[in-house]
Every structure is written in structure tokens, then in C-alpha cells.
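# Just the structure for this:
(chains A, B and C)
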Amino acid sequence: MTRVLQQIALVSGKDLRIEARSRQTLGLVVVLGVLIVVVLGLGLGPQQVASGMAATAVLWVAYLFGGVLCFEKTMAVERHDGALAGLMLAPIDRGVIYVGKLISNLALMVALALVVTPVAVVMFHFDLSAAPLGFAAIMAGGFIGFAAIGTLFAAAVSSSKLQGGLLAMVVFPVSLPLVITSTQMMMRLFGEGEPLGMTGVSVLVAFDAIYLVVSWLVFELILEP
Amino acid sequence: MCAMNRKIMAVYWLVTAALFAAAVGMVFIWTPVESTMGIVQKVFYLHLPVAINTFVACMITFIAGVGYLWQRRQVWDDLAVSSAKIAVLLCSVVLLTGMIWGHSAWGVWWTWSPRLTFSLVLWLLYVAYLVIRPSIESRQRRALVSAVYAGVAFLDVPLVYLSVKLMPEIHPSSITLASEMKLTLLVCFVPVTLLSAGLIVCRFIMQREETRAMDSEDDTQTDPVPVGSAGGLT
Amino acid sequence: MSPTTHAIVAYAVTVGLLWGYALSLWVSCRGRRGACKSGNTEAGRKLS
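The predicted structure is shown next:
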């Protein structure tokens, strides 16, 4: 068990180290996220912005686009100099590679959220202090499911010669239910001031469980140098 | 054998068309008009059978995807793409008839009610399936990615259903029908199911022919693009 | 629009889409058959 954990830490640690040294993806993603928030803030106009509820939708747009970019980049790292072939030759389970990639993607997305969320909170007059823990829990649930499916399809899509944007086509429809669930929960939480409902949480958990298990199972089939 | 098949096909389609016409006639002439919703309720007799056939088509795509992952045979992929095409077509019909009905019943073309959102997400899932396929060049790769996507998309369906349950509901959850209406609904199921099955089979046969044509092309010329030369995104 | 028109339009859309697709399959099937299978021999006969 500790061995597997060690291996996972190695895989994701490698990705994060590369990212920490180059700071390529994160800079790109964060600026993209802030841009999306600003563009939507301008486009929605002062009236919609004042309601405060637009912030969750805007945040999801920023997370979705930023997230897809993260998934593409963490997989693209492996495309250089046949690094993926080396990784696949390493005596570790493919599931470990999946979990490692998933963790590095999640780390990148959390970093993105840490910058973009405050920006949206300020610009959209979003009262996060009403339920900060609920917000974090819902977003964590959404992120895990989204990253699970994104990591899987990033491996599938990037190994076929494809233009960017296709990954978004694949991942967005599949993660729509996550968006629906979390925005509905946010509306209850912030709009009506209800505490987190059991149904919403269980739907999110069900999503995460199914996406994680399915992706973990089929990742091996899809990974190709 | 070919002539025989064609004869069977012709008979099948003639019977389906006749049954379809008979069902439509039955809906408009024999079935009584529903008292609260009026004549627009007649949309229901096509709406529901088509919706159920949409699920069946999605399920066939899923089964074919699993079959491909299991056996890695091109037949399964051909079946998957044909039924996905029909699923999108049927789902479009469900959405359109639903919108027309909604416009008459609620006065708006679209509302974010759970059932409508559900159909829309289903439609988007399978449209994306069809759209991403041509972007993947290698045929094995395309079949593999589509099979995985079809699996995820199908598992998504119950989750979408659960997630839209969180939205406020205005759709009728159950409709009480007079016995004539129930009979009409059952009768309408027959031609609609025959039609969708026939469409899937025809599309599948064409897809097989296309694959065979591609195969004979591949025999004469080798793939000019070497595998694994992709530089990723950068 | 009256409810009757709505109902008729809904039926027309359904029939148009589903049977239209069936027709388009039939047409392209015939076209292809003419091009590759039996039609090939026919065309060959005409050419020779």
C-alpha cells in the first residue's frame, strides 16, 4: 500500500516539479481564468452582476476552460521526447499513473481556483462568507469528478494527433451534470440560505465515484505512446 | 441473397410506413381529445415512444462500445456509431416535439425544467460523440476513444437524471389516461420502434459497406502517416 | 398559433425528420449500389 502511495507521489511530484520550475501552465491558466471572469463581468452588465448569483456560473466557466487547459498540458509534458513511453515502461501499474496525473491536475486546478475565486467574489459582489465551507465542499466534489474524466480523456485525445479544443468537446458534455448539480446546490446554499442537502451531496459523491472508477478501469486501455 | 435481403427490407419498410400512417390516423380520428390539455396532448403519443426509443438507441451504443472494448472488432464500432446517429435523430425529435408542446402548454419554447434539461444534456452528449469521431484519424484509436466515451456518456445518463431532480419541477410526473388513450399509446409504440430499429439496421449496413470499402483501400495503400509522430500540443 | 396547428406541426416535424432520414438513407444506398455493386457491372456493360 505504502509502495503504491509512494509511486503515486513520484508520478505527480514529477509533474508538479516540472510545473514549479517552468510555471508555464499555471500562468496561462490563471490569466485565462481572470480574463474569462472579466469578460463575463463586462458582458453581463452591472445589473446581473449585482445579484451575486452569477458568480457561481462564471466561476464554473473559468474552471472548465482552465481545467481543460491543465489536463492538456499535463499530458503534453509526456509527449516530449517520448517521455510517456518511458513512464509506461516503468514497473508501475497504469492505474498509478492515472492517479498520479489526476492528483497533479487537481493541484493545478486548486491553484487556479485560489486565484480566480477571489477575483470573481470581488467583481460579482458574491457573498462567500455566508457558507465558505459549503462552497469549498461543493467545488471539491465538482473538481474531483471533472478532473477524473478530464485526465482520462486527455490521455485518450492527446495520443491521437488532434488540435486543441477537441478535449473540451469531449469533456464538457460529460461534465455538464456536475455543473448542474453544483450550481443547483450553490443556489440553495447562497440564494435561499439552506444548509447543504443530502441529495445534492450524494449525487456529487456518486458522480465522483463513478467517474473515478470508470476512468481508473479504462485508463490502461487508452494509454498509448 | 442480396435481392432477397432487399425484398425483406422493402416489405419491412412498407409495413412500417403503413403502421405509422395507421397509428397517426388512429391518434387524430379515433382517440378522444384530452379534456384539460386539449388537442395538443396528441403530441404525447409520438413524444413518449420516441423518447423511449432514444434510450434504447443509447443503450445499443453503450453495449456496442462495451463489445468493442471486449473483442476489439470493427463491427461493434460500426454498430455503435449507427445507433448513436439514430439516437441523436430521435432525441432531436423528442426535443422538438417537446418544445412545440411546451409552447402550447406553457407559452414558452424553452424552460429549464428538469426533464427538458435532461433531454438537452442527453442530446449534447451524443452529438459530441458524433462530432469528435471524425477528428481522430486512426480507426482503431477512434473506435477505442468512442467506445470509452459511449460508456461514460451512458453511465452519465442516470446521473444527469439525478442531478436535474435538484431543479424545480413543472413537468407532469404522471398522466392519467383514458383506456382509449393507453391503447393508442401502445399502438404508436409499434411503428415508432419498428422505424427506429429499421433506421439503425439500415445505417449499420451502410456503415459496414463503408468500412469494407475503406478496408479494400487500405490494402492497396499503406497509411502514410507514421504512428506516434505526434508532438502533442506544443 | 392554435393548439391544433401545434399538434400538426409536431407530427410534421417528427414525420419529416424520421422518414426524411429514412429516405436519405435509401437514396444514398441506391446511389452507392449504382456506383459500386450491381451498377458497376451495368456501367461496365454500357462502356464496353
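
# Secondary structure class of residue 108, three-state.
Just going to use chain A. helix (DSSP: H, G, I helix; E, B strand; the rest coil).

# my bad, the chain I had in mind was chain B
Assignment for residue B:108 (three-state DSSP): coil.

# how far away is it from residue B:124?
Shown here: residue B:108 relative to residue B:124, a distance of 20 Å by CB to CB, to the nearest Å. C-betas here are computed from N, CA, C, even on glycine.

# Pick out whichever of these two has more residues nearby.
Comparing residue B:108 with residue B:124 by other CB atoms under 10 Å in any protein chain shown, the one with more neighbours is residue B:124, at 17 against 9.

# Can you verify my assumption that that one contacts residue A:175?
No: counting by CB atoms under 8 Å, residue A:175 is not a contact partner of residue B:124; they are 11.2 Å apart.

# what helices or strands is the longest helix that chain C contains leaning on?
Ordering each helix of chain C by length in residues (DSSP state H) puts helix C:3-36 first. Helices and strands touching helix C:3-36, as assessed by 3 or more CB pairs under 8 Å, 6 or more residues apart in numbering or on different chains; DSSP states H and E, comprise helix B:2-25, helix B:44-71, helix B:74-106, helix B:179-220.

# Just the buried residues of it, please?
C:3, C:6-11, C:13-14, C:17-19, C:21-22, C:25, C:29 (16 or more other CB atoms under 10 Å in any protein chain shown).

# Local confidence estimate at the residue of chain C found nearest chain A?
Proximity of chain C to chain A (CB to the nearest CB) peaks at residue C:17, 21.5 Å away. pLDDT for residue C:17: 89.

# check contacts around it.
When contacts are counted by CB atoms under 8 Å, 6 or more residues apart in numbering or on different chains, residue C:17 touches B:89, B:92-93, B:96.

# Please repeat the previous calculation with a cut-off of 7 Å.
B:89, B:92-93 (CB atoms under 7 Å, 6 or more residues apart in numbering or on different chains).

# Looking at neighbours, which among these is most surrounded?
Of the contacts of residue C:17, with other CB under 10 Å as the count, residue B:93 tops at 26 neighbours.

# neighbours around residue A:27, how many?
10.

# per-residue pLDDT, the nearest residue to residue B:33 once chain neighbours are set aside?
Nearest residue to residue B:33, sequence neighbours excluded (CB to CB, 6 or more residues apart in numbering or on different chains): residue B:39, at 5.4 Å. Listed pLDDT for residue B:39 reads 78.

# Residue B:66 now?
Confidence score, pLDDT, at residue B:66: 92.

# any idea how far it lies from residue B:144?
From residue B:66 to residue B:144 the distance is 12 Å (CB to CB).

# ok, the two, which is more surrounded?
Neighbours were counted for residue B:66 and for residue B:144 using other CB under 10 Å; residue B:144 has more, 23 against 16.

# list the contacts for the more buried one?
A:221-222.

# how much space between it and chain C?
27 Å (CB to the nearest CB, to the nearest Å).

# Can you point out the buried residues in the lowest-mean-pLDDT helix or strand in chain A?
Within chain A, no helix or strand scores below helix A:83-89, which has a mean of 80 by mean pLDDT, DSSP states H and E. By 16+ other CB under 10 Å, the buried positions in helix A:83-89 come out as A:84, A:87-88.

# Just checking the distance from that helix to the centre of its chain.
The chain centre lies 24 Å from the centre of helix A:83-89; the measure is CA atoms, centre = their mean, to the nearest Å.

# Just the mean pLDDT for stretch A:12-27, thanks.
85.

# Identify the residues contacting that stretch?
A:70, A:73-74, A:77, A:100-101, A:103-104, A:107-108, A:111.

# How about stretch A:167-187?
Under CB under 7 Å, 6+ apart, the answer for stretch A:167-187 is A:53, A:56-57, A:60, A:64, A:68, A:71-72, A:138, A:141-142, A:145-146, A:149-150, A:153-154, A:157, A:196, A:200, A:203-204, A:207, B:117, B:121, B:124-125, B:128, B:131-132, B:149, B:152-153, B:156, B:159-160, B:163-164, B:166-167.

# Out of the residues you listed, which end up buried?
Looks like those have A:56-57, A:60, A:64, A:68, A:71-72, A:138, A:141-142, A:145-146, A:149-150, A:153-154, A:157, A:196, A:200, A:203-204, A:207, B:117, B:121, B:124-125, B:128, B:132, B:149, B:152-153, B:156, B:159-160, B:163-164, B:166-167 buried, using 16+ other CB under 10 Å.

# Could you pull up the residues touching the residue nearest to the spatial centre of chain B?
Nearest to the mean C-alpha position of chain B, by CA atoms, centre = their mean, lies residue B:87 at 1.2 Å. By CB under 7 Å, 6+ apart, the residues touching residue B:87 are B:54, B:57-58, B:61, B:126.

# again with residue A:97
A:11, A:87.

# Kindly recompute the last result at 10 Å.
A:7-8, A:11-12, A:78, A:84, A:87-88, A:90, A:151, A:155, A:219-220, A:223 (CB atoms under 10 Å, 6 or more residues apart in numbering or on different chains).

# That one sits in which helix or strand?
Taking DSSP states H and E as the definition, residue A:97 sits inside helix A:94-123.

# Run through chain A and note the low-pLDDT ranges.
A:50, A:52, A:158-164, A:225 (pLDDT under 70).

# Of all residues in it, which one is closest to chain C?
residue A:173 (21.5 Å).

# Could you measure from that residue over to residue B:142?
Between residue A:173 and residue B:142 the distance, using CB to CB, works out to 18 Å.
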